[in-house]
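Enquirer: Sequence and predicted structure, then a few things I'm wondering about:
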Amino acid sequence: MSKGAKGTDGAEGAALRLLALREHSREEIRAKLARRGFPGEEVERALDRLEQAGHLSDARFAEALARSELARGRGAVAIRAKLKRAGAATQVPEISTGEEERSLRGLLERRGVRAADLTEGKERARIWRFLRGRGFSASAIAKVLGSRAQEEGETE
């Protein structure tokens with residue numbers, strides 16, 4: 001391995017140190033190493049070796065990110081967008097409706113919101129918008145809170 005900018009053991013060593021902290025996508029590692037001044041060819045060789053050794057995996061990164069985001073109260077739409085930004089859009093794990101609903105319920109519980117208490121239309125609509133902004137699908141929200149048509153003031 002050659003010496004890289006700010007490193008004593010090259011791009012591969014720097015990438016391993018990043019991966020020791022948390023899972024990263026290949027694209028994230030590539031960008032971080034480029035910012036540290038490592039030559040592109042050295043970075044690509046290091047990334048290839050790390051993938052072959054099983055240290056770097058976009059699929060594993062995507063799975064870890066999805067689980068973390070679900071636990072933080074984010075929905076499937078937001079998770080897909082974050083994976084796309086991280087360069088791992090092709091590795092989106094299957095997120096079941098049940099998992100998304102559990103995440104949504106957990107978020108509402110942490111915020112002290114009970115679906116049964118949301119009887120006023122404006123308040124329900126506000127919660128719907130908030131949940132859509134967190135990336136929850138309309139179907140998951142409807143399952144937990146009720147009909148979307150009600151929330152948007154549409155007649156049934």
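Expert: Okay, I see it. These numbers come from a predicted model, not from an experiment. Numbering: from 1, shown residues only.
Enquirer: Sketch out the low-pLDDT regions of the chain for me.
Expert: Residue ranges of the chain with pLDDT under 70: 1-8, 116, 119, 147-156.
Enquirer: isn't Leu131 right next to Ile141, touching?
Expert: Yes. Leu131 lies in contact with Ile141 (C-beta atoms under 8 Å); the separation is 5.0 Å. C-beta: built from backbone N, CA, C; applies to glycine.
Enquirer: Identify the contacts common to these two.
Expert: When contacts are counted by C-beta atoms under 8 Å, 6 or more residues apart in numbering, Leu131 and Ile141 have Leu104 as shared neighbours.
Enquirer: Okay, and Gly37 sits in which element?
Expert: Here Gly37, judged by DSSP states H and E, is contained in no helix and no strand.
Enquirer: Tell me, how many residues neighbour it?
Expert: For Gly37, the number of neighbouring residues by other C-beta atoms under 10 Å comes to 11.
Enquirer: Likewise for Gly112?
Expert: Neighbour tally, Gly112, other C-beta under 10 Å: 7.
Enquirer: Just give the nearest non-adjacent residue to Leu19, would you?
Expert: Nearest residue to Leu19, sequence neighbours excluded (C-beta to C-beta, 6 or more residues apart in numbering): His55, at 5.8 Å.
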